[in-house]
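Asker: Mind looking at a prediction? Sequence and model below.
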Amino acid sequence: MTQAPNNFAADLPKLTHPDGTAIRALVVDDEPNLADLISMGLRMTGWEVATVGDGRAAVAKAREFRPDVLVLDVMLPEFDGVEALGKIRSFDPDVPALFLTAKDAVEDRIAGLAAGGDDYVTKPFSMQEVLLRLHRLVQRSGAASADTSELVVGDLVLNLDTREVTRGGEEIQLTATQFELLHFLMENPRRVVSKTQILDRVWDYDFGGQANIVELYISYLRKKIDVDRPPMIHTVRGAGYVLKPAT
């Protein structure tokens, strides 16, 4: 498990309720250090967080706290995360849930998803991944409002409404496909995305899974984004690509 750097939390969209109040997350894990780490990352993004250590307390706290999203360890004292989710959904049927499971516990992941879990991560996990997944769950649930018309990473700015891209205030002209590729990279700042993920998002596998098309378009982007500037788009050998502010 890795900690989320402060600047990663700053890159995530700032989510609030439509009335401006903070998004609420309930973190349920019987490992206090783990629960505290997740809570710290979420508080850095401006969320209100409550933590408890067992399934029975999770149900009671959810009834009082009314969270917008749940983080549930599958293995909990009293009763497990799957049972806790079922009881919480009896009075809050739409609250999204992210399960934490052991790396090799396939049956736990299946049970969690079958019980209505919306997503899961396996231990040990990256805090960046947990924060990003929770933000996406809240966005999909409709509980939050956010200004998502503009994405900013370092001095690179992408406007979804006008489809304009600038770096350091200088306008950059992109084709439609280049724009979608950059959009995907900027939605995942400092996170390595694989060629398969890029193909799925940008091309929907229309190119038959040919990874060389990704390499070609990354090359196009670099010539427009990074030329004569400190690089922002980096290759992670054997894993994919990552976009992050220039150092």
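Answerer: Looks like it came in fine. Quick caveat: nothing in here was measured; it's all calculated off a predicted structure.

Asker: For Val157, see how far away Ile217 is.
Answerer: Careful, residue 217 is Tyr; it's not Ile. 20 Å (Cβ to Cβ, to the nearest Å). (Glycine included, C-beta is placed from N, CA and C.)

Asker: And Ile38, its phi and psi?
Answerer: Main-chain torsions, Ile38, degrees, to the nearest 10: phi -60, psi -40.

Asker: quick one: it and Leu70 touch, right?
Answerer: No: applying Cβ atoms under 8 Å as the test, Ile38 and Leu70 come out as separate, 11.7 Å apart.

Asker: And the helices in this protein, which stretches?
Answerer: Per DSSP state H, the chain carries helices over the ranges 6-11, 32-44, 55-65, 81-89, 106-114, 127-141, 176-187, 195-198, 212-225.

Asker: Show me what the shortest one is packed against.
Answerer: Spelled out, that is helix 195-198. Where contact means 3 or more Cβ pairs under 8 Å, 6 or more residues apart in numbering; DSSP states H and E, helix 195-198 is packed against helix 212-225, strand 240-243.

Asker: And for the longest one, what's in contact with it?
Answerer: In this case it means helix 212-225. Defining contact as Cβ atoms under 8 Å, 6 or more residues apart in numbering, one finds that helix 212-225 is touched by 156, 167, 172-175, 177-178, 181-182, 185, 195, 198-199, 202-203, 207, 231-233, 235, 241.

Asker: Any quick ChimeraX command for the buried ones out of those?
Answerer: Buried members of those, defined by 16 or more other Cβ atoms under 10 Å, are picked up in ChimeraX with:
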select :156,167,172,174,178,181,182,185,195,198,199,202,203,232,233,241
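
Asker: ok, the most centrally placed residue in the chain - contacts?
Answerer: With distances taken as Cα atoms, centre = their mean, Leu132 lies nearest the centre of the chain, 1.4 Å away. Contact partners of Leu132, counting by Cβ under 8 Å, 6+ apart, are 12, 188, 191.

Asker: rerun that using 7 Å as the cut-off
Answerer: By Cβ atoms under 7 Å, 6 or more residues apart in numbering, Leu132 lies in contact with Arg191.

Asker: Tell me how far it lies from Glu31.
Answerer: Separation of Leu132 from Glu31 (Cβ to Cβ): 21 Å.

Asker: repeat for Ile233
Answerer: Distance from Ile233 to Glu31, by Cβ to Cβ: 37 Å.

Asker: Then Glu83?
Answerer: Noted for Glu83: a distance of 19 Å to Glu31, by Cβ to Cβ.

Asker: Could you list the single helix or strand in this structure with the lowest mean pLDDT?
Answerer: helix 6-11 (a mean of 57; mean pLDDT, DSSP states H and E).

Asker: what residues are up against Thr21?
Answerer: Applying Cβ under 7 Å, 6+ apart, no residues contact Thr21.

Asker: Please identify the buried residues of stretch 164-171?
Answerer: Residues of stretch 164-171 classed as buried by neighbour count (16+ other Cβ under 10 Å): 165, 167.

Asker: gap between the two ends of it?
Answerer: 7 Å (Cα to Cα, to the nearest Å).

Asker: pLDDT on that stretch, on average?
Answerer: Averaged over stretch 164-171, pLDDT sits at 91.

Asker: With stretch 200-219 instead?
Answerer: Stretch 200-219 comes out with an average pLDDT of 75.

Asker: Repeat that for stretch 88-99.
Answerer: For stretch 88-99, the mean per-residue pLDDT is 92.
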